[in-house]
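[1] when you get a sec, could you give me coordinates for this:
(chains A and B)
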Number of protein chains: 2
Amino acid sequence: MANINNNYLNLKESYLFAKISEEKQKYIQNNKNKKLIDLSIGDVTLPLPPSAIEGIKKACQNLSKKDTFTGYPPSSGHNFLKDEIIKNDYLSRNISIDNSEIFIGDSSKSDICNMLDLFESNITVALQDPVYPVYVDSNIIKGNNIVYMTDIYNFLPPKKHIDIIYLCFPNNPTGKVISKELLKKYVDYALENNTLIFFDSAYEAFIQDKNTVHSIYEIENAKKVAIEFRSFSKTAGFTSIRLAYTIVPKDIVINNKVTLNSLFKRLKDTKYNGPSYLSEFAMYNVYKTNNFNELQENINYYLRNTKLLVNFFKSKNITTSSTVNSPYVWIKCKDNMNSWNFFYYMLDKFMILGTPGSGFGKSGEGHFRLTGFGTYEDTKEAIERMSKEL
Amino acid sequence: MANINNNYLNLKESYLFAKISEEKQKYIQNNKNKKLIDLSIGDVTLPLPPSAIEGIKKACQNLSKKDTFTGYPPSSGHNFLKDEIIKNDYLSRNISIDNSEIFIGDSSKSDICNMLDLFESNITVALQDPVYPVYVDSNIIKGNNIVYMTDIYNFLPPKKHIDIIYLCFPNNPTGKVISKELLKKYVDYALENNTLIFFDSAYEAFIQDKNTVHSIYEIENAKKVAIEFRSFSKTAGFTSIRLAYTIVPKDIVINNKVTLNSLFKRLKDTKYNGPSYLSEFAMYNVYKTNNFNELQENINYYLRNTKLLVNFFKSKNITTSSTVNSPYVWIKCKDNMNSWNFFYYMLDKFMILGTPGSGFGKSGEGHFRLTGFGTYEDTKEAIERMSKEL
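    Just a heads-up that it's a prediction; the model follows:
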């Protein structure tokens, strides 16, 4: 039978969040009378905003009538949504993006992974550490060389040539943002060294600080080197209905002969069929009716939880990120426990599910991630439980 | 910058249906007062069935309330839909499929392409000719060796070892089905030669003949060698809302050590986030309320168009498929024209858009594909236009 892509055997047996979900099920099975509080995964819990629901209903009506029915979307999504993205997410920040530079799809995760298909194997990528494990896994599958940037906030040019630098800001899992000055250093490095930047800004809607960017294109000349991944999962609470987009500027030329934009279009045309009309119309209606306050309300709810947790850990002198620009709280494990020991400690002692920091990379060892995505009540209860003994 | 995956440069410049869509736009631009009839692409045109619309509305209600809100789906979809698939699509044909063997996603196209990621490059695949161009393009991108089976209906064991055989029945573009006896030969060949079968049955709902299969698992032992791709695009008219599933039986073992099922799960967990809850619930509601007659009505509508076309071409002594088991009509071009010449001939003479057969492979040269997916009125008008001069 066809030989296996051996790179798959170099992966850990299960994907981090799949493993945590298994541990959760096991715990529930064995502790039926206990109330587990899940602050582990980065998934929203509040209902869809009313204007999104309204959009789905309108789309539904369109699909139920012959005159307004529509079939396959273009493989990069419909223009009605692209136009709103340009206007609301970019022109509002004085960034000009062309229609053909936007690829709307079902998920940033898949675009981030699939983009690698355009390059040969064995390229060298630089990843933050700790970071979202999908970057690591997708590069292992591809057989690429991974260099870790452990001191990302102290810009040190890498010693070898880097083909792609991945930057995730606000960062998952640490929640930190990057200053404009520092990001400019990365962009300048990329321009000088013919390096590509994958900029993942899934959490930009949570940003509170002023001296950072929502889009990497706020930095001069970034369109020549950077691809930006944006998701509606956290911005609009769309995790269940799947919608995201990727910006691939036309200025990026590979091997001096072909634009990355045309290659990605070929990939999308060949392998995918675009996002669901229902999800597109949901977001279109949010944009069109200017109901951004509804999105912001939900985000503020999660940020309140996050702040509660941060303030609690500070009061306990547990090292944590000092600012809140994301739904994540990144703490140092108690008594120098390792991440997985602390995971079980939190589970057994407080019935709280979190994510072991080591799942995000070597530098995450000895750390732990909690999220503000729980309910306000659960978050308060979690703090109460911990306050007694942590 | 990262070197390009050179295999991309071996592809034709644009994906077949993207090119046809461009030609269509060009024609409309230059012929604003003419009425073009598009019978080119395999896309549905009838509204979603009422029970699917009802399902979306229920899902919408669930997502609008905190108690019933749900976030990320499992990466292989929700069990509520898997259970209905097992019951309605398999148990009804005495096939037993386990929950964990079903991977629900947004598209068969993407699963067919992504599955190749699990194997090393340079494997040898056997493709029907003519056939759905996605099989060809995805294997070119992966750098695989392609062997064409031009005489698919006359079973001839390939001379070299084949790692994967792709079978698409009812076939796109010819519309032909495969007899149970012949399919058994392919399955037996695969069992003997350690070959994998990718069975694409996107059009199974259109089957009228008795001596063929809806699922390859109707053939004994096929679960040891075959993966089956099923789509709701044509079955339920879901092209706009994206939903499909893939069966990866647990019996398939790669390199004597790892199941293809566990590998595909790892791939899905790592790179994807599952299908949209709205689309899942749409189909769930169709199954749950037993509204299959609604689906069948739409399919019958398209089949009526297809039959009209087939009968017309027969009356003109133009070679075409003799049975109707799919929405496709595959004809020989007039006067031995080549496919693209005939494409422009049909466009200029009759204002009818079809698909050049050569786009489906070498053996498709000199042929042309039309579909029954137009409206009844358009199909009749197309026949009227052609009847004068074809």
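
[2] what pLDDT is listed against the residue nearest to residue A:86 when sequence neighbours are not counted?
    Distance criterion CB to CB, 6 or more residues apart in numbering or on different chains; nearest residue to residue A:86, sequence neighbours excluded, is residue A:97 at 5.3 Å. Heads up, the C-betas are built off the backbone N, CA and C, glycines and all. At residue A:97, the pLDDT value in this model is 98.

[3] and the residue nearest in space to the middle of chain A, what does it touch?
    Of all residues in chain A, the one closest to the mean position by CA atoms, centre = their mean is residue A:202, 4.0 Å from it. Residue A:202 is in contact with A:108, A:168, A:172, A:229, A:230, A:231, A:233, A:234, counting by CB atoms under 8 Å, 6 or more residues apart in numbering or on different chains.

[4] switch to 7 Å and redo it
    A:108, A:229, A:231, A:233, A:234 (CB atoms under 7 Å, 6 or more residues apart in numbering or on different chains).

[5] who's the closest residue to it other than its chain neighbours bridged to?
    Leaving aside its sequence neighbours, residue A:202 sits nearest to residue A:231 (CB to CB, 6+ apart; 4.5 Å). With DSSP bridges as the criterion, residue A:231 is bridged to residue A:244.

[6] with adjacent residues omitted, what lies nearest to residue A:383?
    Nearest to residue A:383 is residue A:312, by CB to CB, 6+ apart, at 4.8 Å.

[7] should've said residue A:385
    In space, and not counting its chain neighbours, residue A:385 is closest to residue A:350: 4.3 Å by CB to CB, 6+ apart.

[8] chain neighbours aside, what residue packs nearest to the residue of the stretch 101-250 of chain A found nearest chain B?
    Residue nearest to chain B within the stretch 101-250 of chain A: residue A:163 (3.6 Å; CB to the nearest CB). Nearest non-adjacent residue to residue A:163, counting by CB to CB, 6+ apart: residue B:2, 3.6 Å away.

[9] which ones are touching the one you found?
    Per CB under 7 Å, 6+ apart, neighbours of residue B:2: A:119, A:123, A:163, A:164, A:196.

[10] helix, strand or coil for it?
    Here residue B:2 is coil, with the state taken from DSSP: H, G, I helix; E, B strand; the rest coil.

[11] same question for residue A:45.
    coil.

[12] and the nearest residue to it once chain neighbours are set aside, how many neighbours?
    Leaving out its chain neighbours, the residue that sits closest to residue A:45 by CB to CB, 6+ apart is residue A:373, at 5.7 Å. Neighbour count of residue A:373, defined by other CB atoms under 10 Å in any protein chain shown: 26.

[13] so who does the closest residue to residue A:238 other than its chain neighbours touch?
    Using CB to CB, 6+ apart and skipping residues adjacent in sequence, the residue nearest residue A:238 is residue A:232, 4.2 Å away. Contacts for residue A:232 (CB under 7 Å, 6+ apart) come out as A:238, A:243, A:244, A:283.

[14] over to residue A:333?
    For residue A:333, the contact set (CB under 7 Å, 6+ apart) comprises A:339, A:342, A:366, A:367, A:368.

[15] now the residues you listed in CSV, with neighbour count and pLDDT?
    Compiled in CSV, the contacts of residue A:333 are given as follows (neighbours: other CB atoms under 10 Å in any protein chain shown; pLDDT from 0 to 100):
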residue, neighbour count, pLDDT
A:339, 20, 97
A:342, 23, 97
A:366, 16, 97
A:367, 25, 97
A:368, 28, 97
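
[16] so can I have JSON lines of these showing distance to chain B and secondary structure?
    JSON lines is the format used below for these (distance: CB to the nearest CB, whole Å; DSSP: H, G, I helix; E, B strand; the rest coil):
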{"residue": "A:339", "distance to chain B": "20", "secondary structure": "helix"}
{"residue": "A:342", "distance to chain B": "24", "secondary structure": "helix"}
{"residue": "A:366", "distance to chain B": "25", "secondary structure": "coil"}
{"residue": "A:367", "distance to chain B": "22", "secondary structure": "strand"}
{"residue": "A:368", "distance to chain B": "21", "secondary structure": "strand"}
